[in-house]
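Peer 1: here is a sequence together with a model predicted from it:
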Amino acid sequence: MVDLSVSLAGVPLKNPIIPASGTFGYGREYGELYDLNILGSFSWKGTTALPRPGNPLPRIAETPSGMLNAVGLQNPGMDAVLSEEVPNIARLFQGPVIANVGGFSVDEYVENCRKLEDIDQVAILEVNISCPNVHAGGRNFGCDPAAAAEVTAAVKAAIRKPVFMKLTPNVSDIAEIARACADAGADGLCLINTLLGMRIDLKTRRPVLANRTGGLSGPAVFPVALRMVWDVYEAVDIPIIGCGGVSSAEDAAEMMLAGAAAVEVGAANLRDPYACKTIIEDLPAVCERLGAAHIADLTGAAHRR
Amino acid sequence: MKRCTFTLEHTRRLTEDTYELVLSGDGASVTAPGQFVDLSLPGKFLRRPISVCSWSDEGLLLLVKVVGDGTRQLVRSVPGTVFDTLSGLGNGFDVDAASGTPILAGGGIGIAPLYGLARVLRQRGEPVTAALGFRTAADAFYLSEFAALGCDLMVATEDGTLGVKGFVTDLIQKRPERDYVFTCGPLPMLRAVHALPQLRGGQFSFEARMGCGFGACMGCSVPTADGYKRVCKDGPILYKEEIVW
């Protein structure tokens, strides 16, 4: 019997599998398909203070082994999430929830996080400083170590819940950003967000996405995410949620071997709405193959020789 | 929504770029005309959303126009190919929500869901008037199938090589007593239909590039008078009064 339980900055999860923000909404659509209580946790859709309509269509494009999205952080705003989604989440899922929070200023991040401080079910705040779609928004914070540290320190000073900073891969040295967040008091890190990319329609000679650029996700980014998790694991001592292209239990195990304490599954949910369920069901057999009686023992094991 | 597999039985070429695909499988996963299926294709990450033309307990009928790699791969699939499918997606047409005297109006590949709708209406014993538009006679398809349902059929082509020279809107205007529309077609056509003063209401089927197809990713949400709606989950059918252009 394999023990799938893991701990994220003191928050116990029954297993390390977490649907990634932006691919799982607030759980409603998947709750119609399977019992969400099989999940370790789930990271809800990035939520900003005010409702956001998002970008014009097309927002989606196919890529080799993946997809581009330029949704643009469409969400109903923090107050609507608190009044309509939080009570519904409690009906669908009784485990710990990761609240993904966006923001366009340090003050907005702090204010959004404060509003979640008293929601018992929110166990971890995942602060998105890396969404590549919003020109005025998160990207700048996540690309600059000083700005990333400033957001981290401000949020940490304001709330008691564990704070995980979600990092963008669109930087030359992600370990530097990771260290800045860790030094500023982050309880953990989540990486990676999507990689900036684009496609051009040969017929129209115009970018496929109305936003021109979008975030690349799916199996195509898995090796990039894995390498970054490896580098960050070497650089910091706080827990890492590995995210990027994970599509199978084997991928999840690989991500943990690179240093992830838990694993987020994103684009795979869009292609296969049962992806997380399948991965969780497959995990025990994969652990047995690896000789791991406790899945948490896999974390960072590839670094040890 | 239901996840199931469909097996390709045979493919028939209807025009230069449009094909009819007969699939066997759980057709009962479709619950309303105008719904769509999201097919997984080998080597493609995203599924391909395809409107259901017709369905039975034994399977589905799809009409597919080749517009890119995915649809080309789909129509070139050999009989026996099994497609992992999300079925019964979207709201579909609501025949009971129609008020007034309806007309079906389709343009090009947009006639596909209207065929299934016409079948449902005829099975209920209701008369059906269908206005179908194509670019040219060589692009026209499924006219005999609509006629076989017992529809009052009107056809227009842009160059006049078949039926009336003009557009679907010209056909609708020939029936001024028709004040409710069920329609699917290219965006400019939907827009022109929407603007017809004789129509007091209607159901408009939209298409979009989709991520998931079941409402999770917000990849296809569009502004409406009633807030943002997801073409895949809240649509693909939007009602006349909620559509903003």
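Peer 2: Structure received. Numbers count the residues shown, from 1 in each chain, chains lettered A, B, ... in the order given.
Peer 1: contacts, neighbours, all on C-alpha from now
Peer 2: Fine.
Peer 1: number of residues surrounding the closest residue in space to B:Cys151 that isn't next to it in sequence?
Peer 2: The shortest distance from B:Cys151 to any non-neighbouring residue, by C-alpha to C-alpha, 6 or more residues apart in numbering or on different chains, is to B:Val128 (5.1 Å). By other C-alpha atoms under 10 Å in any protein chain shown, 21 other residues sit near B:Val128.
Peer 1: report pLDDT for the spatially closest residue to A:Val106 that is not a sequence neighbour.
Peer 2: Leaving aside its chain neighbours, A:Val106 sits nearest to A:Val151 (5.5 Å; criterion: C-alpha to C-alpha, 6+ apart). Looking at A:Val151, its pLDDT stands at 94.
Peer 1: make sure A:Val151 is indeed in a helix.
Peer 2: Yes. Counting by DSSP: H, G, I helix; E, B strand; the rest coil, A:Val151 is located in a helix.
Peer 1: counting neighbours, what do you get for it?
Peer 2: A:Val151 has 26 nearby residues by other C-alpha under 10 Å.
Peer 1: repeat that for B:Leu187.
Peer 2: Considering only other C-alpha under 10 Å, B:Leu187 is surrounded by 14 other residues.
Peer 1: now do the contacts for it.
Peer 2: B:Phe206 (C-alpha atoms under 8 Å, 6 or more residues apart in numbering or on different chains).
Peer 1: before we move on, back to that, so the residue nearest to B:Cys151 sits right up against B:Asp152, yeah?
Peer 2: Yes. Here B:Val128 reaches B:Asp152: they are 6.0 Å apart, a contact under C-alpha atoms under 8 Å.
Peer 1: thinking again about what came up before, give me every residue that touches the residue nearest to A:Val106.
Peer 2: Going by C-alpha under 8 Å, 6+ apart, A:Val151 touches A:Val106, A:Tyr109, A:Phe141.
Peer 1: and if we set it to 10 Å?
Peer 2: Contact partners of A:Val151, counting by C-alpha atoms under 10 Å, 6 or more residues apart in numbering or on different chains, are A:103, A:105-110, A:127, A:129, A:141-142, A:157, A:165, A:181, A:184, A:186.
Peer 1: tell me which element whichever residue of chain A sits closest to chain B is part of?
Peer 2: Per C-alpha to the nearest C-alpha, A:Leu270 is where chain A lies closest to chain B, at 4.3 Å. According to DSSP states H and E, A:Leu270 maps onto helix A:267-271.
Peer 1: for A:Ile98, list each beta-bridge partner.
Peer 2: A:Ser43, A:Ile124 (DSSP bridges).
Peer 1: who are the neighbours in contact with it?
Peer 2: Counting by C-alpha under 10 Å, 6+ apart, A:Ile98 touches A:18-21, A:41-45, A:121-127, A:162-164.
Peer 1: also B:Gly34?
Peer 2: So B:Gly34 contacts B:51-54, B:88-94, B:112-117, B:182-184, B:204-206, B:235-237 (C-alpha under 10 Å, 6+ apart).
Peer 1: which helices and strands sit right next to the worst-scoring helix or strand of chain A on mean pLDDT?
Peer 2: Within chain A, no helix or strand scores below helix A:139-143, which has a mean of 81 by mean pLDDT, DSSP states H and E. The contact analysis (3 or more C-alpha pairs under 10 Å, 6 or more residues apart in numbering or on different chains; DSSP states H and E) places helix A:139-143 against strand A:122-128, helix A:145-158, helix A:174-183.
Peer 1: of these, which stretch is the most buried?
Peer 2: Of all the helices and strands packed on helix A:139-143, strand A:122-128 has the most neighbours on average by mean count of other C-alpha atoms under 10 Å in any protein chain shown, namely a mean of 25.
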